[in-house]
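A.B. asks: Provide a 3D model corresponding to the input given below.
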Amino acid sequence: MDRSKLQENSVFIISLLLTLIFIVWGVFFTENLTKITNAIYNGSIDYLGWVYLGSTLFFVFFSVYLLFSKYGNIKLGRQTDEPDFSTGSWLAMLFGAGMGIGIVYWSVAEPVTHYTAPPYGKGYTVEAANTALKYTFFHWGLHPWAIYTVIGLALAFFQYNKRLPAAISSAFHPILGDRIYGPIGKTIDILSIFATVFGIATSLGLGAMQVTAGMHDIFGIPHTLYSQLIVIAVATVIFIFSITTGLERGIKYLSNSAIILSVAIMVLILLAGPALTVIQVFFNTMGLYISDFLEMSLRINPFGKNEWIASWTLFYWAWWIAWAPFVGMFIARVSKGRTLREFVVGVLIVPTLGTCLWMSVFGGSALELVQNQANHDLAKNIAENVSLSIFIFFDHLPLSSLLSILGFAVVAIYYITVADTATFVLGMLSEGGTLNPSNKIKITWGVIQSALAAVLLLAGGLNVLQTASIAAALPFAIIMFVMCFSLVKGLRTEVAIKRGSKRSVPHS
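C.D. replies: Next up, the predicted model:
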């Protein structure tokens, strides 16, 4: 390989080498890796938890500011550019990439777990049920979607309006200039790939556990490590086939199918379950969420114990930030032709409302079973079996078999969609920011992600990987702060250029 080709592929080669080193470390020196990653993660949470709280709240305010600002009418791309996807498909794709399997995995487990062990007050009470749903809305609402809004908008603006490569480093052009093409820019892109690979490999491992749990519940297939490895292998073949069909077919069709099935499940639960309770839960919890928003956003408990906040709120904020490079890149890729205001409504407001409705249907119905019907053993069972939680919940509803099959289908589709979108993004980052990466690079990353998930499941190092990817979130939170400053600088320039061109028209 000649020198120019080596330089061109340096991001891909270095990222690949670092990933392989980490795999070897995780497999052969699991204990050592566990010790180091835990020390870094615990240190960041214990001493710098306030950074996560402050930065994520700032991203919410910054996103809302952009929504109502003078920049709202700026189009992502040329004035003549039209969106590549219908609004429905666009929302389905960004929802699948942003939440995916997580929203299915935690939709029953999180509210019920908070109900049994609330952040304050006594468990198994009406107050605990209200608090559980309020915090579930909080963890899956405006904060994560604001993180995605900030990074997705910055990347889309610099890609389509400034004609820069589809890379994380491009968002820093107003500050770094052409140095984004040098070592500083390449380092940012390598860190982004590194965070994406490990965040997705963790999700693939956790997803394989839930898919296997579903197969055990529906078909009686043993819920074993061997089954999980087979699930990863089969899913790899499917998503590799999907990514070779391109973005307009594979990922779009998968995302649309997942949303249609998700809506079908919600309707079935409403018809078969406590529809009135669900509607009341949505309105009541939305009120609690809005009224206590600032208090929850800044709650750190300086004069008491912080275990609950650290293991839930701070963990989530770090997790969403760790996912931000991959999700932001993907959202930017599918958002060309939309105005800045349309982007913020579509990425911040609509998914937040959709997520809260989903959590009301699943969490509200589950808490109806355990609180109003005093079924405390069910609550304990769900909290202790997170992978099986959604299927345990379905078993207590009418049409349980149909719900379990549909639930399993949604889990499987989201599982493949996340792997698909992540592989597409890794291809973009690895090939210098191309919008349509080669199949060769996408397949390479697809195989590596799956192999990493499988190897770490075998070595018992999946939790280590999760901790490692989250530990990397702290520096990325600071990078995103700088990104906000860079975006405003770029938007100001854009407005000034447009004003200049309008003034020059009468004189031409």
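A.B. asks: Geometric centre of the chain: which residue is closest?
C.D. replies: residue 98 (3.7 Å; C-alpha atoms, centre = their mean).
A.B. asks: Pull up the per-residue confidence for it.
C.D. replies: Listed pLDDT for residue 98 reads 84.
A.B. asks: just residue 234 next, same as before
C.D. replies: On pLDDT, residue 234 comes in at 89.
A.B. asks: Could you say which helix or strand holds it?
C.D. replies: helix 225-243 (DSSP states H and E).
A.B. asks: which is the next helix or strand following that helix?
C.D. replies: Using DSSP H and E, the first helix or strand after helix 225-243 is helix 252-272.
A.B. asks: elements contacting that next one?
C.D. replies: Helix 252-272 is packed against helix 87-98, helix 350-367, helix 400-430, with contacts defined by 3 or more C-beta pairs under 8 Å, 6 or more residues apart in numbering; DSSP states H and E. Backbone N, C-alpha and C define where each C-beta goes, glycine included.
A.B. asks: Any chance of TSV for the ones you listed, columns distance to residue 155?
C.D. replies: Output for these, formatted as TSV (distance: least, C-beta to C-beta, whole Å):
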stretch	distance to residue 155
helix 87-98	13
helix 350-367	18
helix 400-430	10
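A.B. asks: If I average pLDDT within each of these, which one is lowest?
C.D. replies: Taking the mean pLDDT of the helices and strands packed on helix 252-272, helix 400-430 comes last: a mean of 86.
A.B. asks: Next secondary structure after that helix?
C.D. replies: Assigned by DSSP H and E, the successor of helix 400-430 is helix 439-459.
A.B. asks: What residues of that following helix count as buried?
C.D. replies: By 16 or more other C-beta atoms under 10 Å, the buried positions in helix 439-459 come out as 441-446, 448-457, 459.
A.B. asks: Only alpha carbons, please: show that helix as CSV.
C.D. replies: Taking Å, rounded to 0.1, in the frame of the first residue of the first chain, the C-alpha atoms of helix 439-459 are listed here in CSV:
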residue,chain,number,x,y,z
ASN,A,439,-19.8,-2.6,1.1
LYS,A,440,-16.3,-4.0,1.9
ILE,A,441,-15.7,-1.5,4.8
LYS,A,442,-19.3,-1.9,6.1
ILE,A,443,-19.1,-5.8,6.1
THR,A,444,-15.6,-5.6,7.8
TRP,A,445,-17.1,-3.5,10.6
GLY,A,446,-20.2,-5.6,10.8
VAL,A,447,-18.2,-8.8,11.4
ILE,A,448,-15.9,-7.0,13.9
GLN,A,449,-18.9,-5.7,16.0
SER,A,450,-20.5,-9.1,16.1
ALA,A,451,-17.2,-10.9,16.9
LEU,A,452,-16.5,-8.4,19.7
ALA,A,453,-20.0,-9.0,21.2
ALA,A,454,-19.6,-12.8,20.9
VAL,A,455,-16.0,-12.9,22.3
LEU,A,456,-16.9,-10.7,25.3
LEU,A,457,-20.0,-12.7,26.0
LEU,A,458,-17.8,-15.8,26.1
ALA,A,459,-15.2,-14.1,28.3
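A.B. asks: ok, and the closest non-adjacent residue to residue 490?
C.D. replies: residue 174 (5.1 Å; C-beta to C-beta, 6 or more residues apart in numbering).
A.B. asks: Could you look up the SS state of the one you found?
C.D. replies: Secondary structure, DSSP: H, G, I helix; E, B strand; the rest coil: residue 174 is helix.
A.B. asks: And it, how far from residue 10?
C.D. replies: 24 Å (C-beta to C-beta, to the nearest Å).
A.B. asks: Tell me where the chain has strands.
C.D. replies: For the chain, no strands are identified by DSSP state E.
A.B. asks: Show me the longest helix that occurs in it.
C.D. replies: If you go by DSSP state H, the chain has its longest helix at helix 30-68.
A.B. asks: what distance separates that one from the centre of its chain?
C.D. replies: 15 Å (C-alpha atoms, centre = their mean, to the nearest Å).
A.B. asks: re earlier: with residue 189 as the reference, name the closest of the helices and strands packed on helix 252-272.
C.D. replies: helix 400-430 (5.6 Å; C-beta to C-beta).
A.B. asks: What are the buried residues along the closest one?
C.D. replies: 403-404, 406-430.
A.B. asks: Low-confidence regions, the protein specifically.
C.D. replies: 1-8, 246-248, 460-462, 465, 469, 501-508 (pLDDT under 70).
A.B. asks: Not counting residues beside it along the chain, what's closest to residue 257?
C.D. replies: Nearest to residue 257 is residue 413, by C-beta to C-beta, 6+ apart, at 5.6 Å.
A.B. asks: how close does that neighbour get to residue 350?
C.D. replies: 20 Å.
A.B. asks: Residue 142: which of the helices and strands packed on helix 252-272 is closest?
C.D. replies: helix 350-367 (5.3 Å).
A.B. asks: In contact with residue 102, which residues?
C.D. replies: By C-beta atoms under 8 Å, 6 or more residues apart in numbering, the contact set of residue 102 is residue 203.
A.B. asks: same for the longest helix of the chain, what does it pack against?
C.D. replies: helix 10-28, helix 142-160, helix 293-297, helix 315-333, helix 340-344, helix 462-471, helix 473-504.
A.B. asks: how about residue 70, phi and psi?
C.D. replies: Main-chain dihedrals, residue 70, degrees, to the nearest 10: phi -70, psi -10.
A.B. asks: Pretty sure it sits against residue 495.
C.D. replies: Yes: contact status for residue 70 versus residue 495: in contact at 6.9 Å, counting by C-beta atoms under 8 Å.
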